[in-house]
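*Asks:* Test case, fold it:
(2 chains)
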Amino acid sequence: MAGEVIYEVKNVSKRYGSVVALDGASLKLHAGEVIGLVGDNGAGKSTLVKVLSGAHKPDGGQIFLDGQERSWDSPRTALEAGIETLYQDSGLAPHLTVSQNVFLGRERFVKGILGFFGFLAKKEMEHEAHRNLEEVGIAVPASNRSVSQLSGGQRQAVAIGRSVAWARKVIILDEPTNHLGARQAGEVLQIIKAAKKKGLGVIFISHTLPHVLEVTDRIVVLRLGRIVKDAPTSEFDGDTLVGTITGTIQTIKVEGD
Amino acid sequence: MTDSNQLVAKVRGLVSNQASILVGVLAVLTIVFTVIEPKFFSVATANNILTDWGSVVLIAVGQTFVVISGGIDLSVGAIIGLSGVVSAYVMANVMGYTSGTPAQDAYWPLLVGTIVSVAVGAVVGLVNAVLINKTRIVPFIATLATMGACLGLSVIFSSGMPIGGPNDFNLIAAMDYNTNPFSVVVILVAVVVAIAGLFLHKARFGLYTYAIGSNSFAARAAGINVEKHITKIYALSGALSGLAGMYVYIRLGAGSPSSGTGRELDAIAAVVIGGASLMGGVGRIWGTVLGTLILFTVQSGLIMIGVAPDWKKVVVAVLIAAAVAAQTLQKKNGQR
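*Replies:* Now for the predicted structure:
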């Protein structure tokens, strides 16, 4: 089902002062695969996400995209390489319209001298934004509506749809089902499945374990900055997953544990 | 849906439209002042209002960009004074065109003066941007500091006295005091405002301004260079303030160090009356244009109906408070 390895980190570490946030974590993501990244607060999830998305440079370790070693100066370089990241609760600008958000940072200009001065091809972007979102299975109201007028679920759908529409290789979703009702969360999980079908590698970070169990192919468990378990989702159920996260189920030997 | 429902919906749509509210306010003010003092409704009054409008709308437009991006620029009034005295100095003392220069010879130095004035403003704007981006001082304090520096520098530069220079007062006079209250410079200002409006509402420059004010984290995540754009916004605000400095120079025929003092309050008032939110992400050029017009209609009207001019600042303060209160109430109702 899953294709070849598309994104990989080897032995990455990150310290903040004397705090070891990430301690030699290694991770492989295949094309068309959804992996769940879980762990308690402070386990190192957000640090790993920041390393993967280019927001933070690791102190040590290597990053490979399509088998080539890379290093990200900023989220922008990772973005340009095909890695889209959707941050928790902060993906969209509420005062902008749906299409302005979808095309933010990737605007289209009108032809001619006005285009040279940065005048925007508004209608073209509105049509295309609508089509892009529909393609990933989102029925969004008019593209020219302000995001602040959308419900929480619709906003999240637009944010994820935007990432899926633009991602060429990898998409990282940080708590995308947070604060959503059951039906809306279900829609988000559908979009993740659509992304997988497109052949993207998806990294899904969540505290909502039933969602993780439902949508992922593989689960990676972080504890105290280390990856303590990396196994197919079929090997987990709710109880064993909780046990692995909290440490009541022994996984690998952790010094001093 | 019945006809009356449709009518109600239409009226609601009209009232919720910020522009029509502002036009309505302007109309009501004009009617009230005219009823109290019939002389208010005249070309001469319109010329007074438009001339005042021209000196503030430029800094108010710059302020609109700044406020939409989530910042504030308090240095705009002080830039008017500094750019005015610097360009007057260049025209009179460097180029040698004194206040005795015949009007027909004044255009060349005035053009150079305009370039100098805009450049002085842009430089102050860049200093604001460096303070905000590099030292992480909040815009309120950063621009308060440059405001103080500009006020001080303009007094040092001019020894506290206005510097006279070349001028053609026909530029600022009404084209016809019986029929046409517009002056040449007011029309030029309107053209600059319209161009700025196009860049705010139709071009990427404006889009990024809204995006940063709406959610700077999302803007950054979308790959926008937020610091670079903030720099451009403050440079623009400074440059427009420099242009306003030249406008005020032409109005006075001299660069005066105190000519812009307190104007930042007028600009902020115009912007919030026009519907911009000091929280960022919200604002329109026509709101600022109408807000400035309302501001000076009120000031002119009050003077004409016999209120002492000293009350002007109090009225501006009350208008700011009322506009922000109205916004807050509107927001509460909007959230239901």
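*Asks:* Quick check: residues of the stretch 1-150 of chain A near chain B?
*Replies:* For the stretch 1-150 of chain A, the residues found near chain B under the criterion C-beta under 8 Å from any C-beta of the partner chain are A:75-76, A:79-80, A:85, A:87, A:90-96, A:100-101, A:104-107, A:109, A:117-120, A:122. For every residue, glycine as well, the C-beta is placed using N, CA and C.
*Asks:* in what helix or strand does residue A:137 lie?
*Replies:* With secondary structure defined by DSSP states H and E, residue A:137 is part of neither a helix nor a strand.
*Asks:* Need the buried ones from the residues of the stretch 1-150 of chain A next to chain B selected in PyMOL.
*Replies:* This is the PyMOL syntax for the buried subset of the residues of the stretch 1-150 of chain A next to chain B, where burial follows 16 or more other C-beta atoms under 10 Å in any protein chain shown:
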select buried, chain A and resi 75+76+79+85+87+91+92+93+95+96+100+101+104+105+107+109+117+118+119+120+122
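*Asks:* Which ones among the residues of the stretch 1-150 of chain A next to chain B lie within strands?
*Replies:* residue A:85 (DSSP state E).
*Asks:* Was I right to think residue A:184 contacts residue A:156?
*Replies:* Yes - judged on C-beta atoms under 8 Å, residue A:184 makes contact with residue A:156 at a distance of 7.0 Å.
*Asks:* neighbour count winner among those two?
*Replies:* Of the pair residue A:184 and residue A:156, residue A:156 is the one with more neighbours under other C-beta atoms under 10 Å in any protein chain shown, namely 26 against 18.
*Asks:* can you tell me the helix or strand for the more buried one?
*Replies:* In this structure, residue A:156 sits in helix A:152-166 according to DSSP H and E.
*Asks:* pLDDT (mean, whole number) over the helix or strand following that helix?
*Replies:* Beyond helix A:152-166 on the C-terminal side, the first helix or strand identified by DSSP H and E is strand A:170-174. For strand A:170-174, mean pLDDT rounds to 92.
*Asks:* Show me what whichever helix or strand residue B:81 is part of packs onto, helices and strands only.
*Replies:* Under DSSP H and E, the secondary-structure element containing residue B:81 is helix B:76-89. In this structure, helix B:76-89 packs against helix B:43-68, helix B:107-134, helix B:139-158, strand B:163-164, helix B:226-252, strand B:254-255, helix B:263-273, with contacts taken as 3 or more C-beta pairs under 8 Å, 6 or more residues apart in numbering or on different chains; DSSP states H and E.
*Asks:* how about TSV for these, with mean pLDDT added?
*Replies:* Conversion of these to TSV gives the following (pLDDT from 0 to 100):
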stretch	mean pLDDT
helix B:43-68	96
helix B:107-134	97
helix B:139-158	96
strand B:163-164	96
helix B:226-252	97
strand B:254-255	95
helix B:263-273	94
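*Asks:* looking at these, which is closest to chain A?
*Replies:* When the helices and strands packed on helix B:76-89 are ranked by distance to chain A, counting by C-beta to the nearest C-beta, first place goes to helix B:43-68 at 8.8 Å.
*Asks:* Tell me the residues on the stretch 201-336 of chain B that lie near chain A, please.
*Replies:* Contact residues of the stretch 201-336 of chain B with respect to chain A, defined by C-beta under 8 Å from any C-beta, are listed as B:202-205, B:207, B:210-211, B:213-215, B:217-224, B:281-282.
*Asks:* Those residues in helices, which ones?
*Replies:* Secondary structure assignment (DSSP state H) places B:202, B:204-205, B:207, B:210-211, B:213-214, B:217-221 from these within helices.
*Asks:* Just the buried subset of the residues you listed, written out for ChimeraX, thanks.
*Replies:* Selecting the buried subset of those in ChimeraX, with 16+ other C-beta under 10 Å as the burial test, is done by:
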select /B:202,204,205,207,210,211,213,214,218,219,220,221
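*Asks:* And the ones in helices among the residues of the stretch 201-336 of chain B next to chain A, which two are furthest apart?
*Replies:* The most widely separated members of these, counting by C-beta to C-beta, are B:202 and B:217 (25.4 Å).
*Asks:* quick one: residue A:201 and residue A:7 touch, right?
*Replies:* Yes - counting by C-beta under 8 Å, residue A:201 sits close enough to residue A:7 to count as a contact (5.6 Å).
*Asks:* what sits in contact with each of these two?
*Replies:* Common neighbours of residue A:201 and residue A:7, counting by C-beta atoms under 8 Å, 6 or more residues apart in numbering or on different chains, are A:29, A:169, A:170.
*Asks:* Confidence-wise, which of the ones in helices among the residues of the stretch 201-336 of chain B next to chain A comes last?
*Replies:* Ranking those by pLDDT puts residue B:221 at the bottom, with 83.
*Asks:* Show the residue spans covered by the strands in the stretch 1-150 of chain A.
*Replies:* Per DSSP state E, counting those that start in this stretch, the stretch 1-150 of chain A has strands spanning A:5-16, A:19-30, A:34-39, A:60-65, A:68-70, A:83-86. These are given in chain order.
*Asks:* A helix includes residue B:299, no?
*Replies:* Yes - the assignment for residue B:299 is a helix, going by DSSP: H, G, I helix; E, B strand; the rest coil.
*Asks:* Please tell me how far it sits from chain A.
*Replies:* Summarising the geometry, the distance separating residue B:299 from chain A, computed by C-beta to the nearest C-beta, to the nearest Å, is 31 Å.
*Asks:* what's around that residue, how many residues?
*Replies:* One way to gauge burial is a neighbour count; for residue B:299, by other C-beta under 10 Å, it gives 22.
*Asks:* wait, what's in contact with it?
*Replies:* Taking C-beta under 8 Å, 6+ apart as the contact definition, residue B:299 lies against B:52, B:312, B:315, B:316.
*Asks:* any idea how far the first one is from residue B:45?
*Replies:* Residue B:52 sits 11 Å away from residue B:45, going by C-beta to C-beta, to the nearest Å.
*Asks:* Now the common contact residues for those two.
*Replies:* Overlap between the neighbourhoods of residue B:52 and residue B:45 consists of residue B:300, taking contacts as C-beta under 8 Å, 6+ apart.
*Asks:* From the centroid of the chain, which residue is nearest?
*Replies:* With no chain named, the answer covers chain A. Centroid-nearest residue in chain A: residue A:172, 1.5 Å away (criterion: C-alpha atoms, centre = their mean).
*Asks:* wrong one, I was asking about chain B
*Replies:* residue B:60 (2.3 Å).
*Asks:* isn't that one right up against residue B:272?
*Replies:* No - the pair residue B:60 and residue B:272 does not pass the contact test of C-beta under 8 Å, sitting 10.2 Å apart.
*Asks:* Next, residue B:292: secondary structure please.
*Replies:* Applying three-state DSSP to residue B:292 yields a three-state assignment of helix.
*Asks:* any idea how far chain A is from it?
*Replies:* If you measure residue B:292 against chain A using C-beta to the nearest C-beta, the figure is 23 Å.
*Asks:* what's near enough to touch that residue?
*Replies:* Taking C-beta under 8 Å, 6+ apart, we find residue B:292 in contact with B:53, B:56, B:57, B:60, B:266, B:270, B:274.
*Asks:* Please indicate which of those residues are buried?
*Replies:* Of the members of the contacts of residue B:292, the ones counted as buried by neighbours, 16+ other C-beta under 10 Å, are B:53, B:56, B:57, B:60, B:266, B:270, B:274.
*Asks:* hang on, the fifth one packs against residue B:56?
*Replies:* Yes - at 4.8 Å, residue B:266 counts as touching residue B:56 under the criterion of C-beta under 8 Å.
*Asks:* so what sits against both of the two?
*Replies:* By C-beta under 8 Å, 6+ apart, residue B:266 and residue B:56 have these common neighbours: B:292, B:295.
*Asks:* hmm, back to that, of the contacts of residue B:292, which is the nearest to residue B:236?
*Replies:* Distances from residue B:236 to the contacts of residue B:292, taken by C-beta to C-beta, are shortest for residue B:60, at 12.9 Å.
*Asks:* ok, back up a step: now, the residues of the stretch 1-150 of chain A next to chain B that are in helices?
*Replies:* In helices, defined here by DSSP H, the members of the residues of the stretch 1-150 of chain A next to chain B are A:75, A:76, A:79, A:80, A:100, A:101, A:122.
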